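Participant: any chance you could fold what I've pasted below:
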Amino acid sequence: MDPWKEDLLQTFQSIECERQVLAMASEMARKLEFDYCAYGLRMPLPLARPKTAMFSNYPAVWQARYQAQEYQAIDPTVRHAMRSPSPVVWSDDLFAPARELWEEARSFGLQAGLAYTCRDAGGMGGMLTLARAGESVTTAEWQAKACHILWLVQAVHLSMIRVVAPKLQPEIAVQLSRREVEALRWTGEGKTSGEIADILNITERTVNFHISKAMAKLNAVNKTAAVLQAAMLGLLS
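Facilitator: Now for the predicted structure:
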């Protein structure tokens, strides 16, 4: 394995908090000739307004401005991340729909950059952005650094999931019993408790007991919500 990759994996595996993850990511970004580093984590739940967390070493004034103007809602890189796993390089064309955002960002020294997204089996999505003042990212530069950037993205994403996700969404640590999983799976298929009882060769009361236990573990308001949450968290696979 490339020593750079091996050192990267070992270092990130030992990190205990999100501040350390950001500090290490920022150091790696500088080695790749980028001044700034930003990472956003998006949880799969709740569906209506998924929980998110943002970390960056951008200028503090710009971070405050970005939040105050709610630029995340119109940020083209965020929209791209929601639609595609492919990396995107900053350009005038990319930011054409958000010209004010682009001009303000550039005034704070965020003049060139790229964003790379990743998503795990549990539906947690992340986006790592590397930015700098100065020259745009060329195709040749991207191709030369793509492998290292990909490894950095994965290392940061896995580390942030490990240290941040449990704080944002405690349900990800839930463990369902075999019977609870079976009851939720069949509920998701539209089966009634009586039908599930026949399928599993247990009593209807027992089926309802397992569904209730699963609902309590997932903090779900009803069995439909329990099925959805369990599926989104990868607990029914």
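Participant: where does residue 99 fall, secondary structure wise?
Facilitator: If you go by DSSP states H and E, residue 99 is part of helix 99-107.
Participant: just the buried positions in that helix, please.
Facilitator: 101-102, 104-105 (16 or more other C-beta atoms under 10 Å). Where you see a C-beta, it was placed from the backbone N, CA and C, and this is true even at glycine.
Participant: now stretch 72-91
Facilitator: Result for stretch 72-91 [16+ other C-beta under 10 Å]: buried residues 75-81, 87-90.
Participant: closest to residue 10 among those?
Facilitator: residue 87 (24.9 Å; C-beta to C-beta).
Participant: roughly how far apart are the closest one and residue 125?
Facilitator: Separation of residue 87 from residue 125 (C-beta to C-beta, to the nearest Å) stands at 14 Å.
Participant: what does residue 12 give?
Facilitator: Taken as C-beta to C-beta, the span from residue 12 to residue 125 is 18 Å.
Participant: cool, residue 119 as well?
Facilitator: 5 Å.
Participant: more neighbours, these two?
Facilitator: Counted by other C-beta atoms under 10 Å, residue 119 and residue 125 do not tie: residue 125 has more neighbours, with 20 against 15.
Participant: wait, what's in contact with that one?
Facilitator: 41-42, 81, 117-119 (C-beta atoms under 8 Å, 6 or more residues apart in numbering).
Participant: which strand residues bridge it?
Facilitator: residue 42, residue 119 (DSSP bridges).
Participant: now do the contacts for residue 226.
Facilitator: 184, 187, 211, 214-215, 218, 220.
Participant: can you give me the helices for this structure?
Facilitator: 3-13, 18-31, 60-68, 76-83, 99-107, 139-163, 165-168, 178-188, 193-200, 204-218, 223-232 (DSSP state H).
Participant: circling back to that earlier point, closest to residue 230 among the buried residues of stretch 72-91?
Facilitator: Distances from residue 230 to the buried residues of stretch 72-91, taken by C-beta to C-beta, are shortest for residue 81, at 25.2 Å.
Participant: how about residue 179: what's its closest non-neighbour residue?
Facilitator: Nearest non-adjacent residue to residue 179, counting by C-beta to C-beta, 6 or more residues apart in numbering: residue 210, 4.7 Å away.
Participant: contacts only, for the one you found.
Facilitator: Each residue near residue 210 by C-beta under 8 Å, 6+ apart is listed here: 177, 179-180, 182-183.
Participant: cool, and residue 47?
Facilitator: Per C-beta under 8 Å, 6+ apart, neighbours of residue 47: 228, 232.
Participant: buried residues in stretch 116-125, which are they?
Facilitator: So for stretch 116-125, counting by 16+ other C-beta under 10 Å, buried means 116-118, 122-125.
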